[in-house]
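Asks: Mind looking at a prediction? Sequence and model below.
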Amino acid sequence: MNDLEFTFEESPWEAFLRTQRPGDSVSAANFLAMLEGEEEQAVEDALADLENSSLQLDISDLPKAGGNGEAALRLRQESQLVQKGLNPRDLEPNDPLRLYLEEVARMTASGDEQHLAEKCARGDEWAMEKLTNLGLKRVIAIAGEHVGYGVLLLDLIQEGSLGLWQAVRSYREGDFPAYRDSLVRFYMAKAVTLQARAHGVGQKMKEAMEDYRAVDERLLWQLGRNPTLEEIAQELHMTMEEASSVQSMLEDARMLARVNNRQQEQEEEEKEAQDLAVEDTARFQMRQRILDLLSNVSEEDAKLLTLRFGLEGGKPLSPQEAGKRLGLTPDEVLTREAAALAKLRNG
C-alpha cells in the first residue's frame, strides 16, 4: 500500500513566527490579536513556539489594569509598594506576599552562579537546588517590572519561579544570569498575556486595528495626503502611545501578508516546475514506448502511423491529408493503418 502524504496549510501565526529571529521581542497585543478566536490549546502551542524559539513577549502595549473592586484595589496597592521599594513591613503581618518576601529575605544562599550553572549542566542536583535559591531574589525584582497588568505580585513570583527552575534545568552553556532572566521574564509575560486574553484584549486589539485602518483611509481621502499619527490618534480618541502601538501591529500584519504572498508565489512556481517536469518525463516515456512499438513495423507503416496520430508532436492528420503526404489514396491509408495496428497488437 502506498504511503499517504498529508500537507497542511501554514497558519498566520506560523508564518509570522518564521519572520522572527532568536532574541526578538513579540508584541503581546499583536500576539493576542493574531490568535483571537483560536482554542486554548492553540494559544498554549503558540506560547511554546515562542519559548522554543528564544523569543520574548513585550507586554508594554497591553492595557494597565483598572476598574474597581477588591482585586483592582490590591493591584494598585502592589504597584505602589513596588514604587516605594517593596518593603514587606508595608503589608499586613499575615499577608501571604509579606510572609513569602520575609522567607526569601532570610535565605543565606551564596555562591558563584555561573560556576553552579556549569555544575547543573552536568546534572549536579545539589547545584540545581542552590542555584534556584540564589535566583529567588532576582525573580522578585523582575516581578516588580510586571505589576499593574492584572496579575497579582505573588502570582507573578510563582510564574517567574517556574521560569527560574526551567532555566536551571535546561541550561547548557553561555551567560547563565542572562539566560535565567530571559526565561523568568518570559514566564511572567506569559501569565500577563493570558490574563489579558481572558479579559478580551485580543478582540479589542483587532477592533482597534480595523478602526485605525478605516480612519487612515478616510483621512487620506479627505486631506489628499497621508494623515499623521497625531491626526489618527485624535480621530480615534487615543493617546499617541496607543495609536503608535496599533500602527505597529498593522505594519506587522502587512509585512506578514507580503511574506505570505511571496511564499505562495514561490510555491506556485515550484509546483508549475514540478508539473512540467512530470509532464516532460511522461511525454518522453510515451515517445520512447511508441518508438519501440514502431520498430516492429516497416518504415513506411511507421511513417503512416506517425502522421495519422501526430506521434512526433504535430496534429493528427486525416486519411486524405496523410495520403497526400505518402502518395496514397484515403482507402489505402486506412487499409495499411488497420494492418499495421493489428501487427502491433499481435506483438
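Replies: Received, thanks.

Asks: which one is residue 180 nearest to, not counting chain neighbours?
Replies: In space, and not counting its chain neighbours, residue 180 is closest to residue 167: 4.1 Å by Cβ to Cβ, 6 or more residues apart in numbering. Bear in mind the C-beta positions are built from the backbone N, C-alpha and C, glycine included.

Asks: go on, residue 57?
Replies: Distances taken as Cβ to Cβ, 6+ apart place residue 189 nearest to residue 57, at 3.8 Å, with adjacent residues excluded.

Asks: now swap in residue 56 and tell me
Replies: residue 25 (4.5 Å).

Asks: if we can go back for a sec, after the helix or strand the residue nearest to residue 57 falls within comes which helix or strand?
Replies: Using DSSP states H and E, residue 189 sits within helix 176-198. Next in sequence after helix 176-198, counting helices and strands by DSSP H and E, comes helix 201-223.

Asks: moving C-terminal of the strand or helix carrying residue 272, what's the next helix or strand?
Replies: In the assignment (DSSP H and E), residue 272 maps to helix 240-294. As assigned by DSSP H and E, the chain's next helix or strand after helix 240-294 is helix 299-309.

Asks: List the buried residues of that next one.
Replies: 301-309 (16 or more other Cβ atoms under 10 Å).

Asks: Just the closest of those to residue 48, please.
Replies: The closest of these to residue 48 turns out to be residue 309 (Cβ to Cβ; 60.3 Å).

Asks: My guess is the closest one contacts residue 316. True?
Replies: Yes - look at residue 309 against residue 316 with Cβ atoms under 8 Å: they come within range, at 5.3 Å.

Asks: How about the contacts made by residue 75?
Replies: Residue 75 makes contacts with 65, 147-148, 150, 152, as judged by Cβ atoms under 8 Å, 6 or more residues apart in numbering.

Asks: Residue 184 versus that one, what's the distance?
Replies: Here the criterion is Cβ to Cβ, to the nearest Å. By it, residue 75 lies 20 Å from residue 184.

Asks: repeat for residue 246
Replies: Distance, residue 246 to residue 184, using Cβ to Cβ: 29 Å.

Asks: what's the answer for residue 49, then?
Replies: 19 Å.

Asks: So which of those two has more stuff around it?
Replies: Each of residue 49 and residue 184 has its neighbours counted (other Cβ atoms under 10 Å); residue 184 has more, 28 against 15.

Asks: pLDDT-wise, which helix or strand of this structure ranks last?
Replies: helix 240-294 (a mean of 68; mean pLDDT, DSSP states H and E).

Asks: okay, the helix or strand harbouring residue 331 in CSV with CA atoms only?
Replies: Secondary-structure assignment from DSSP H and E places residue 331 in helix 330-345. Extracted in CSV, the C-alpha atoms of helix 330-345 (Å, rounded to 0.1, in the frame of the first residue of the first chain):
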residue,chain,number,x,y,z
PRO,A,330,-7.5,7.6,-48.4
ASP,A,331,-8.7,4.0,-48.7
GLU,A,332,-5.1,2.7,-49.0
VAL,A,333,-4.2,4.8,-45.9
LEU,A,334,-7.0,3.2,-43.8
THR,A,335,-6.2,-0.3,-45.1
ARG,A,336,-2.4,0.0,-44.3
GLU,A,337,-3.2,1.6,-41.0
ALA,A,338,-5.5,-1.2,-39.9
ALA,A,339,-2.9,-3.8,-40.9
ALA,A,340,-0.1,-2.0,-39.0
LEU,A,341,-2.2,-1.6,-35.9
ALA,A,342,-3.1,-5.3,-36.0
LYS,A,343,0.5,-6.2,-36.2
LEU,A,344,1.4,-4.1,-33.2
ARG,A,345,-1.4,-5.6,-31.2
